[in-house]
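Enquirer: sequence and predicted structure, then a few things I'm wondering about:
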Amino acid sequence: MEASTSIEVAKHTLLSCGLILAIGTLASLLAQKIRIPDVAVFLVTGIAIGPQALGLVHIEADSALNQIILLFGAAYILFDGGATLRFDVLKRVWITIVVISTVGVVITAVITGIAAHYILGVPLIVALLLGATLASTDPATLVPIFRQIHIRDRVAQTVMSESAFNDAMGAIVTFGVLAVATGRGEFSLAASLLDLVKQSVIGIVAGAVLGYLASLLIAHEKMAFLAEYAPVVTLVAVIGAYFAADGMQSSGFMAVFVFGIMLGNKEAFGFRMEAGEAQKLDEFVLTTAFILRLFIFILLGAQVDFALMSQYAFGGIAVVTVLMLAARPATVFLCAWPDRRARWSFAEMLFMCWTRETGVIPAALAGLLLGMKAPGAQMIASVTFIAILMTILIQASTTKWLGRKLGLLEEKPN
């Protein structure tokens, strides 16, 4: 009987995955036709085929399959984003990246939290917990957008790098505020900064070491005995980088991002793959990232709880509006404008103000708070899903239009 039940579960899971792949592919074609980033169409598709609508797909948010897809998918997409970055660009904008992904997270959390306190009428500490949950941007959303829409290099790479590095800061601030909200401790700025430095250093070292090792094995002139297996090496290394950093209490996402940067810049270390092998690896990474992106956002849409969202609909929309139109612009101008080295133009900063989609990382934090029965967890989850819907459907779908209006759009990729 138990074996029969397992087979039925396996069949149901396989059918659901097949439906997601088939419907997601058609959704991607639609996104190409109407010329908007596919993540927005995937999200709407997920809502349509999920249990709240047609009921074709029903995979629980706390199921092992869903967690694997979110965890590995976000890590792999982050690796893909890191591989598109170039050292020469990062050297010019690293100050902005560091400041906006640390101080900027705190600024966003405080402004959003204060707005939530007055709009929703919740205690300030609970409102700040919501602000901290929403403060980090989402690499799983932003990396695909800049893959499809070719924005000026340094702007795109700054926004993608920020999204990779600010998840650690967002988690630190969230759990620091949670400790105060539950009476388990007091928020310590010094301890939080020390924790951030530790996580950053370990994550960067783990990613750099594995990135260099992977480049050596697939692209070294004499030692590249795994060149033919480059796709497999990258898969193993992404998983290895994540768990190496995670096992040392660091940010696994930061590690895979740095791993991607190292592999994408392997020529800087004197490593070069043969043209055929390099093309095969590029095609594999693009296809795999597409499939994982498709699964992540269709599942995210399918798990939107409209009954929960309706409790805080109007207040949540108002809070997210403040996040988009006040908190983010204040963060960008306060963190990027003082960077005299980068010399950001007004158009570039305006574009960065609009590009801060909420997605997998805030959703994961909200889910953790729900599981821990944190104060205001239901409200936080509700507003987080509202933020995901608003930022992806409004901001992601207008990215190309805004880039063209501001003169930042490059018709051809570099």
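Expert: Good, I have the coordinates.
Enquirer: contacts and neighbour counts: CA atoms only from here.
Expert: Fine.
Enquirer: so which residues of the stretch 101-250 of the chain form helices?
Expert: 103-120, 124-135, 139-148, 153-181, 189-219, 230-247 (DSSP state H, counting those that start in this stretch).
Enquirer: any chance of the ones you listed in a markdown table, plus mean neighbour count, distance to residue 299 and mean pLDDT?
Expert: Formatted as a markdown table, the helices of the stretch 101-250 of the chain follow (neighbours: other CA atoms under 10 Å; distance: least, CA to CA, whole Å; pLDDT from 0 to 100):
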| stretch | mean neighbour count | distance to residue 299 | mean pLDDT |
| --- | --- | --- | --- |
| helix 103-120 | 22 | 27 | 94 |
| helix 124-135 | 28 | 20 | 92 |
| helix 139-148 | 24 | 13 | 81 |
| helix 153-181 | 23 | 21 | 83 |
| helix 189-219 | 20 | 28 | 83 |
| helix 230-247 | 20 | 21 | 88 |
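Enquirer: any chance of TSV for those, columns distance to residue 25?
Expert: Putting these into TSV (distance: least, CA to CA, whole Å) gives the following:
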stretch	distance to residue 25
helix 103-120	35
helix 124-135	30
helix 139-148	15
helix 153-181	25
helix 189-219	31
helix 230-247	22
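Enquirer: among these, which is nearest residue 70?
Expert: Closest approach to residue 70 among the helices of the stretch 101-250 of the chain (CA to CA): helix 139-148, 9.4 Å.
Enquirer: before we move on, back to that, and the helices of the stretch 101-250 of the chain: which comes nearest residue 21?
Expert: helix 139-148 (17.3 Å).
Enquirer: and the closest one, what does it pack onto?
Expert: helix 38-49, helix 64-83, helix 153-181 (3 or more CA pairs under 8 Å, 6 or more residues apart in numbering; DSSP states H and E).
Enquirer: show me which positions of the helix ranked longest in the chain end up buried.
Expert: Counting residues, the longest helix in the chain under DSSP state H turns out to be helix 2-34. Neighbour-count burial for helix 2-34 flags 13, 16, 20, 21, 23, 24, 25, 27, 28, 31 (criterion: 16 or more other CA atoms under 10 Å).
Enquirer: same question for that helix, mean pLDDT?
Expert: Here helix 2-34 scores 86 as its mean pLDDT.
Enquirer: ok, now stretch 287-302?
Expert: For stretch 287-302, the per-residue pLDDT averages 88.
Enquirer: out of the helices of the stretch 101-250 of the chain, which is closest to residue 373?
Expert: helix 153-181 (10.8 Å).
Enquirer: so what's residue 408 up against?
Expert: 151, 152, 348 (CA atoms under 8 Å, 6 or more residues apart in numbering).
Enquirer: the first one: how many residues sit nearby?
Expert: I take that to be residue 151. 24 (other CA atoms under 10 Å).
Enquirer: any idea how far the residue nearest to it when sequence neighbours are not counted is from residue 21?
Expert: Counting by CA to CA, 6 or more residues apart in numbering, residue 151 lies nearest to residue 409, which is 4.6 Å off, once chain neighbours are set aside. Residue 409 sits 31 Å away from residue 21, going by CA to CA, to the nearest Å.
Enquirer: and for residue 328?
Expert: Distance from residue 328 to residue 21, by CA to CA: 34 Å.
Enquirer: do residue 385 as well
Expert: Distance, residue 385 to residue 21, using CA to CA: 23 Å.
Enquirer: what of residue 102?
Expert: Applying CA to CA to residue 102 and residue 21 gives a distance of 37 Å.
Enquirer: then residue 320?
Expert: Separation of residue 320 from residue 21 (CA to CA): 31 Å.
Enquirer: which of the helices and strands packed on helix 139-148 sits closest to residue 295?
Expert: helix 64-83 (7.2 Å).
Enquirer: any idea how far that closest one is from the chain center?
Expert: Relative to the centre of its chain, helix 64-83 is centred 9 Å away, using CA atoms, centre = their mean, to the nearest Å.
Enquirer: against residue 209, how distant is the residue lying closest to residue 348 once chain neighbours are set aside?
Expert: Of all residues not flanking residue 348 in the chain, residue 155 sits nearest, at 6.7 Å (CA to CA, 6+ apart). As judged by CA to CA, residue 155 and residue 209 stand 27 Å apart.
Enquirer: surely residue 101 and residue 166 touch.
Expert: Yes - contact criterion CA atoms under 8 Å: residue 101 and residue 166 qualify, at 4.5 Å.
Enquirer: contacts only, for residue 170.
Expert: The contact partners of residue 170, taken as CA under 8 Å, 6+ apart, are 105, 132, 133, 135, 136.
Enquirer: mind running it again at 6 Å?
Expert: Contact analysis of residue 170 by CA atoms under 6 Å, 6 or more residues apart in numbering lists residue 136.
Enquirer: what about it, distance to residue 130?
Expert: 11 Å.
Enquirer: shared neighbours, the two?
Expert: With CA under 6 Å, 6+ apart as the test, residue 170 and residue 130 reach no residue in common.
Enquirer: and residue 343, that's in a strand?
Expert: No - applying DSSP: H, G, I helix; E, B strand; the rest coil, one finds residue 343 to be coil, outside a strand.
Enquirer: what number of residues lie near residue 40?
Expert: Neighbours of residue 40 (other CA under 10 Å): 26.
Enquirer: show the pLDDT at it.
Expert: Reported pLDDT for residue 40: 84.
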